[in-house]
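> show me the folded form of this:
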Amino acid sequence: LRTRRGLTYGASADLSAYRLLGDIMAETDSRPEATGEALRVIVDEFSRLQRERVEPRELDGVKTFLSGTFPLTIETPDDIASKVVTALFYDLPLSSLGTFRERVSAVTADDLQRVTRAHLMPDRLSTVLVGYAPFIAGDLARLGIRGAEIIRLDQLDVTAADLRVPGGPARPARPPVSASRGV
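All right, here's what the predicted structure looks like:
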């Protein structure tokens, strides 16, 4: 997004794993005129992970990063206690903390593709775009992404599942937008 295409000032993605579910959040800060194209690239990358094996150099870089930064996540007694509580919550053996780096190093491209095919669902993405709505909606339509809902700022509640102020206008009677539809 940033280095090859110049579509963003910065981009990141993060995985949150829970007991039964999880989510992946990809985030970018793009120029308004690059929003649609940046969204298309993100969706395409999710789909590519299912179709193609990740390049060894890319996988090795991620494994090195995760293994190398792990000690920073257990620097303080509070950090260690948090890791222990998390392991107990997920019914993981406490010995899993001591083998984290070895388990990360053992991940293969086949493992990654198997997991993405089973759990990553690019056709079921929830997409939230923030910015000047008329411009962004036009850009999305130009790229074939239809069905976007616009929520006015005075109707926005970031703590609500549907992002709408309780008692505000009802949702339109159309299916939710899917970023991969028409992409």
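> not counting its neighbours along the chain, what's nearest the residue nearest the centre of the chain?
Centrality entry for the chain: nearest residue to the mean C-alpha point is residue 25, 2.4 Å, by Cα atoms, centre = their mean. Leaving aside its sequence neighbours, residue 25 sits nearest to residue 14 (Cβ to Cβ, 6 or more residues apart in numbering; 5.3 Å). Heads up, the C-betas are built off the backbone N, CA and C, glycines and all.
> so what's the one you found up against?
24-25, 27 (Cβ atoms under 8 Å, 6 or more residues apart in numbering).
> mind checking the SS state of it?
strand (DSSP: H, G, I helix; E, B strand; the rest coil).
> that one and residue 73, how far apart?
Noted for residue 14: a distance of 14 Å to residue 73, by Cβ to Cβ, to the nearest Å.
> for this structure, which segments count as helices?
Counting by DSSP state H, the chain has helices at residues 35-51, 56-69, 77-89, 95-98, 100-105, 109-119, 133-142.
> just the CA coordinates of the longest one, formatted as CSV?
Once side chains and other backbone atoms are set aside, the C-alpha atoms of helix 35-51 remain, and they are given as CSV (Å, rounded to 0.1, in the frame of the first residue of the first chain):
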residue,chain,number,x,y,z
THR,A,35,-9.4,5.3,-0.4
GLY,A,36,-11.1,3.0,-2.8
GLU,A,37,-8.0,1.7,-4.4
ALA,A,38,-6.4,1.1,-0.9
LEU,A,39,-9.5,-0.8,0.1
ARG,A,40,-9.3,-3.0,-3.0
VAL,A,41,-5.6,-3.8,-2.3
ILE,A,42,-6.4,-4.8,1.3
VAL,A,43,-9.2,-7.1,0.2
ASP,A,44,-7.0,-8.5,-2.6
GLU,A,45,-4.3,-9.3,-0.1
PHE,A,46,-6.7,-11.2,2.1
SER,A,47,-7.8,-13.2,-0.9
ARG,A,48,-4.2,-13.7,-2.1
LEU,A,49,-3.3,-15.4,1.2
GLN,A,50,-5.9,-18.1,0.4
ARG,A,51,-4.9,-18.5,-3.2
